[in-house]
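# Here is my input, please return the structure:
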Amino acid sequence: MCTSQGVITCKAAVCWGLGMTVKLEEIQVDPRKSGEVRVKMLCASICHTDVLGIQGSPYVNVGDEVKNLKERDMVIPTYIGECGHCRSCVSGKTNLCLTYAFRVTGLMPDNTSRMSCRGKKLQPTWTCATWSEYTVVNANYLLKVDPGINLAHASFISCGFSTGYGAAGRKPKLKVDQVLLFSVLVL
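Residues are numbered from 1 along each chain as shown. Next up, the predicted model:
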């Protein structure tokens with residue numbers, strides 16, 4: 001995580017429009033707000049969801065209210081938040097949190113962005129922005145991991161492994177129509 005409190009200028013992969021080529025740009029990353037964490041990205045995977053977003057598919061300072069993370073923790077950004085207390089989080093059947101919903105806008109829960117380039121606000125894919133040297137993420141969209149983990153392996157856990165393993169490696173106790181709907185959502 002990053003200890004700087006000011007705006008950080010760093011490199012990021014930016015797509016300026018639907019179907020356009022991704023370009024390496026200098027961007028500005030604002031400081032985090034309460035309940036958020038500014039993260040220095042050490043390793044990231046290419047995500048199929050990022051590619052879909054480019055093609056048009058819909059889709060580390062610690063803030064005062066963050067209690068489960070501290071400076072220098074190793075974290076993985078996730079696109080699905082978790083409060084740990086709502087009906088969905090405690091059900092053991094779904095991870096679609098009712099408090100920290102699946103966000104397709106690319107904006108923070110307060111509908112703002114912490115990233116800009118050339119004076120324009122950027123909308124990170126699915127709240128993660130893993131193709132940037134720094135990003136700001138709501139703490140409920142971060143997963144703390146063992147600091148000894150191999151970073152190349154850790155970068156797959158956030159999306160690819162959890163989606164693939166969650167879909168194929170577990171025996172879901174769902175009806176056939178629920179399984180088909182789940183398959184549509186993860187592909």
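
# in this protein, what spans have low per-residue confidence?
The chain contains residues with pLDDT under 70 at 1-4, 45-62, 126-129, 155-187.

# go again using 50 as the cut-off
Along the chain, the parts satisfying pLDDT under 50 run over 1, 58-59, 174-187.

# Would you map the strands across it?
Counting by DSSP state E, the chain has strands at residues 8-14, 23-29, 36-40, 74-77, 115-117, 120-121, 134-138, 142-145.

# of those strands, which approaches residue 107 most closely?
Residue 107 lies closest to strand 120-121 among those, at 8.8 Å (C-beta to C-beta). Glycine gets a C-beta too; all of them are placed from N, C-alpha and C.

# For that closest one, which strands pair with it and how are they oriented?
The sheet places strand 120-121 alongside strand 115-117 (antiparallel), with pairing taken from DSSP bridges.

# Which of the strands of the chain sits closest to residue 91?
When these are compared by C-beta to C-beta, strand 142-145 sits nearest residue 91, at 18.8 Å.

# Check which helices and strands the closest one is in contact with.
Judged by 3 or more C-beta pairs under 8 Å, 6 or more residues apart in numbering; DSSP states H and E, strand 142-145 is in contact with strand 74-77.

# ok, residue 80 - how many residues close by?
By the measure other C-beta atoms under 10 Å, the count of residues near residue 80 is 19.

# cool, and residue 104?
What residue 104 shows, counting by other C-beta under 10 Å, is a neighbour count of 15.

# Ok, the one 4 residues further on next?
The local packing of residue 108 (other C-beta under 10 Å) involves 20 other residues.

# Report whether the expected contact of it with residue 136 is present.
Yes. If you go by C-beta atoms under 8 Å, residue 108 and residue 136 touch, sitting 7.5 Å apart.

# wait, doesn't residue 63 sit right on residue 5?
No. Counting by C-beta under 8 Å, residue 63 does not reach residue 5; the two are 11.3 Å apart.

# of those two, who's got more company?
Each of residue 63 and residue 5 has its neighbours counted (other C-beta under 10 Å); residue 63 has more, 17 against 10.

# Please tell me how far the closest residue to that one other than its chain neighbours sits from residue 125.
The spatially closest residue to residue 63, leaving aside those adjacent along the chain, is residue 34, at 4.2 Å (C-beta to C-beta, 6 or more residues apart in numbering). With the distance defined as C-beta to C-beta, to the nearest Å, residue 34 ends up 24 Å from residue 125.

# Compare these two (neighbour count), which wins?
Between residue 34 and residue 125, counted using other C-beta under 10 Å, residue 125 has the larger neighbour count: 20 against 10.

# now the more buried one: how far from residue 69?
For residue 125, the distance to residue 69 equals 22 Å [C-beta to C-beta].

# got it, and residue 109?
Distance, residue 109 to residue 69, by C-beta to C-beta: 17 Å.
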